[in-house]
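In: Return atomic coordinates for the entry below.
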Amino acid sequence: MPLIRPMTYQELVQQVQWADREGWEPGVNDADQFWQLDPEGFLAMEQEGQFLGGGAIIRHNEQFGFMGLFILDAEHRGKGLGTQLWFARRDQLLERLGPGATIGLDGVYPMVPFYEKGGFRQLTRQRRYRLEPSSAGCSTNENMVDLGMVDLGMVESEKIAQYDLYGFPVPRKHFLSRWIKQPTAISLGYLIDGELGGFGVMRHCSSGWRIGPLFADDVHVAENLLTAFQSHQAGKPIFIDIPDANPAVAQLRETYGLKETFGCIRMYYGPPPAMDFTRVFGATTLEVG
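Out: Numbers count the residues shown, from 1 in each chain. The predicted structure is shown next:
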């Protein structure tokens, strides 16, 4: 019989490597960032001492958790093990949360009916777009300071955490502090009359860059941030996950020639959280929320 138990850090590293193999484009620092977010937030399945796979069961606070990074090694699929592991993850995360809590996840299209049977409901489609270096919006952005662009490290952490609540349902100040400062990441803020009008983080992945989060007051601010990130692109593609719930996504697609490469459905178990999707131009991650 398979054993379901807490995941070790080295197994999480392997899990992220499998995610890369699946084409999910995880960031090069994701294993460390995810582990620091919640070291108890990962379950593994093993059989006869062999690690088969696992997934995240992140507790952001008492009222909100997130499930993601759900992978079984390819040779062990199709045997019912994934179903057993998934329900164990859901139930253990519910035990880690308070009464009436909400759990989020991003489900690939074929898995949505399965997640619905597990109590999750659809909210919005999220599409991954690829931005090539030659896209129309590309600029060297030599006048970043004049445009209100600043290194996000210059902005007070409290202001960043407060703005983040437009696009994420619960406070996550400590996670953001580490996420913004992770090695090789580029983190930018946009100031309007001295106040934060948007921010984003671009991190390395195996084939290029991932942007997330990208939260902004409006599409004008989002375009300024995205163009600023392009000035650091160095010939590599950028990937960004944008929810359909933001009506401005059509303008971004046209301006930057964004090409859809992947899609999923944001789903929730329990009451959907209140978020301003008009400010969400890029989800933070599909793995931990």
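In: Could I get the full set of helices for the stretch 51-200 of the chain?
Out: Using DSSP state H, counting those that start in this stretch, the helices assigned to the stretch 51-200 of the chain run over residues 81-96, 112-117, 157-164, 173-180.
In: Can you tell me which of these is nearest to residue 268?
Out: helix 112-117 (10.1 Å; CB to CB). For the C-beta atoms, the positions are set from N, CA and C on the backbone; glycine is no exception.
In: Check the offset of the closest one from the chain's centre.
Out: 21 Å (CA atoms, centre = their mean, to the nearest Å).
In: Run through who's touching it.
Out: 83, 86, 105, 107, 122, 265, 267 (CB atoms under 8 Å, 6 or more residues apart in numbering).
In: Redo those as CSV? Include distance to residue 32.
Out: Below are these laid out as CSV (distance: CB to CB, whole Å):
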residue, distance to residue 32
83, 30
86, 25
105, 22
107, 26
122, 32
265, 28
267, 27
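In: Just the buried ones from these?
Out: Buried by 16 or more other CB atoms under 10 Å: 86, 105, 107, 265, 267, out of those.
In: Tell me which stretches of the stretch 1-150 of the chain form strands.
Out: Using DSSP state E, counting those that start in this stretch, the strands of the stretch 1-150 of the chain run over 3-6, 42-47, 50-61, 64-72, 102-108, 121-131, 149-151.
In: Just checking: what are the partner strands of the first one?
Out: Sheet pairing for strand 3-6, assigned by DSSP bridges, gives strand 42-47 (antiparallel).
In: Please apply the same query to the shortest one.
Out: Applying DSSP bridges to the sheet, strand 149-151 is found paired with strand 186-192 (antiparallel).
In: In PDB, could you pull the C-alpha coordinates for the partner strand?
Out: The C-alpha atoms that make up strand 186-192 are tabulated as PDB, following Å, rounded to 0.1, in the frame of the first residue of the first chain:
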ATOM      1  CA  ILE A 186      13.600  41.800 -11.200                       C
ATOM      2  CA  SER A 187      11.100  43.600  -9.100                       C
ATOM      3  CA  LEU A 188       9.500  46.900 -10.200                       C
ATOM      4  CA  GLY A 189       7.000  49.300  -8.800                       C
ATOM      5  CA  TYR A 190       5.100  52.100 -10.400                       C
ATOM      6  CA  LEU A 191       4.400  55.300  -8.400                       C
ATOM      7  CA  ILE A 192       1.600  57.700  -9.100                       C
END
